[in-house]
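Colleague: Structure of the sequence below:
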Amino acid sequence: MAKIRKGGGGLVGAIRGRTQFLLPNGHWAKRDARTGEVLSVKADKKPYKNVVREKPVPVIAKREPRPVYPRVQAWSWSVTRSRRPAQMPEPLPFPAVTLPRAA
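Modeller: Got it, this is the predicted structure:
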């Protein structure tokens, strides 16, 4: 903790276990570094003395999502061969003719 200077000269050293951060409305708030609890908020918009400042959180700009294009398959012989069995006609309803075996 900071020590009080003799003769009323204020504090000597940084106050440990406390951090300060800037609120969106411009006021500074003091936070307990161990628990994260907000201890106090200053009425004026000046920062606390001898209290470590927290690094501001970087604002990440949101990008528009990339457009999704439908997949187009290039034509090739392998594509036509793979589709050929599905395009074949249905088998005929009568049984196939079997030839007698030669003995």
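
Colleague: contacts and neighbour counts: CA atoms only from here.
Modeller: Will do.

Colleague: Identify the residues contacting residue 4.
Modeller: Contacts for residue 4 (CA atoms under 8 Å, 6 or more residues apart in numbering) come out as 10, 11, 12.

Colleague: what about the first one, neighbour count?
Modeller: The criterion is other CA atoms under 10 Å. On that basis, residue 10 has 12 neighbouring residues.

Colleague: if I pick it, what's in contact with it?
Modeller: When contacts are counted by CA under 8 Å, 6+ apart, residue 10 is found next to residue 4.

Colleague: State the distance from it to residue 45.
Modeller: For residue 10, the distance to residue 45 (CA to CA, to the nearest Å) stands at 20 Å.

Colleague: Can you tell me the element the spatially most central residue of the chain falls in?
Modeller: Taking CA atoms, centre = their mean as the criterion, residue 60 is the residue nearest the geometric centre of the chain, at 9.8 Å. Under the criterion DSSP states H and E, no helix or strand holds residue 60.

Colleague: Next up, phi/psi of residue 40, please.
Modeller: The phi and psi values for residue 40, taken as degrees, to the nearest 10, are phi -160, psi 160.

Colleague: What is the burial count for it?
Modeller: Counted with other CA under 10 Å, residue 40 comes out at 12.

Colleague: Could you do the one 4 residues further on as well?
Modeller: For residue 44, the count of nearby residues is 9 (other CA under 10 Å).

Colleague: Who are the contact partners of it?
Modeller: Neighbour list for residue 44: residue 27 [criterion: CA under 8 Å, 6+ apart].

Colleague: Can we start the residue count at 56 from this point?
Modeller: Sounds good: first residue 56 from here, last item residue 99.

Colleague: Give me the number of neighbouring residues for residue 66.
Modeller: Counted with other CA under 10 Å, the neighbours of residue 66 add up to 15.

Colleague: residues touching it, list them.
Modeller: By CA under 8 Å, 6+ apart, the contact set of residue 66 is 57, 58, 59, 60, 105.

Colleague: quick one: pLDDT of the nearest residue to it once chain neighbours are set aside?
Modeller: In space, and not counting its chain neighbours, residue 66 is closest to residue 59: 4.6 Å by CA to CA, 6 or more residues apart in numbering. Predicted confidence (pLDDT) for residue 59: 72.
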